[in-house]
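1. Any chance you could fold what I've pasted below:
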Amino acid sequence: QVQLVESGGGLMQPGASLRLSCVGSGRTFSNYAVGWFRQAPGKEREFVAGMDAGSPYYAYIGDSMKGRFTISRDNAKNRVYLQMNSLKPEDTAIYYCAAGLRFTELSTGYDYWGQGTQVTVSS
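-> Numbering: from 1, shown residues only. This is a model prediction of the structure:
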């Protein structure tokens with residue numbers, strides 16, 4: 001079992017930056033691929049960013065987030081971060097951290113999920 005807890009969400013103005021954090025506990029977190037997903041009201045869960053399990057931990061970013069979002073992980077701290085820059089109102093959603101054995105952009109490929117953190121972008 002892996003337990004995931006997200007933090008860092010909040011109410012932000014358009015153009016602002018925000019960093020989300022996800023801390024994992026339980027099994028060796030560094031052995032897992034990690035992903036960030038988001039879900040806005042009335043919409044399907046959407047892939048945001050992810051990283052492979054194992055070195056060199058390639059990073060993947062969703063098409064609509066490229067150039068604005070980056071993902072990183074600190075295995076020593078069992079943490080994964082999502083840095084979000086130039087936030088837009090359409091980035092408003094609940095953001096979820098997920099862990100699984102292999103990277104995929106499909107939410108069904110992840111076995112463990114956090115409870116989510118709300119990000120609202122509004123002026």
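2. and the residue nearest the centre of the chain, what helix or strand is that in?
-> For the chain, residue 36 is the residue whose C-alpha lies nearest the centre (CA atoms, centre = their mean; 2.4 Å). Using DSSP states H and E, the element containing residue 36 is strand 33-39.
3. rewinding a little: name the nearest residue to the residue nearest to the centre of the chain, ignoring sequence neighbours.
-> Beyond its immediate neighbours in the sequence, the residue positioned closest to residue 36 (CB to CB, 6 or more residues apart in numbering) is residue 48, lying 4.2 Å away. Quick note: C-beta positions are derived from backbone N, CA and C, even for glycine.
4. wait, doesn't that neighbour sit right on residue 59?
-> No. Using CB atoms under 8 Å, residue 48 and residue 59 do not qualify as a contacting pair, with a distance of 11.5 Å.
5. that older thread, the residue nearest to the centre of the chain against residue 21, yeah?
-> No. Between residue 36 and residue 21 there is no contact, the gap being 10.8 Å when judged by CB under 8 Å.
6. Mind listing the shared neighbours of those two?
-> Listed as contacting both residue 36 and residue 21 by CB atoms under 8 Å, 6 or more residues apart in numbering are residue 80.
7. Flag the shaky bits of this structure, pLDDT-wise.
-> Filtered on pLDDT under 70, the chain yields no residues whatsoever.
8. Strands of the chain, start to end?
-> In the chain, strands defined by DSSP state E lie at 2-7, 10-12, 18-26, 33-39, 46-51, 59-61, 69-74, 79-84, 93-100, 112-113, 117-121, listed in chain order.
9. strands paired with the fifth one, and their directions?
-> Taking DSSP bridges as the criterion, strand 46-51 sits next to strand 33-39 (antiparallel), strand 59-61 (antiparallel) in its sheet.
10. Kindly report the same for the third one.
-> Strand 18-26 has these partner strands in its sheet, going by DSSP bridges: strand 2-7 (antiparallel), strand 79-84 (antiparallel).
11. what does the last one rub up against?
-> Put plainly, it is strand 79-84. Looking at strand 79-84 with CB under 8 Å, 6+ apart, the contacting residues turn out to be 17-24, 34, 36, 48-49, 51, 65, 68-74, 91, 95, 97, 119.
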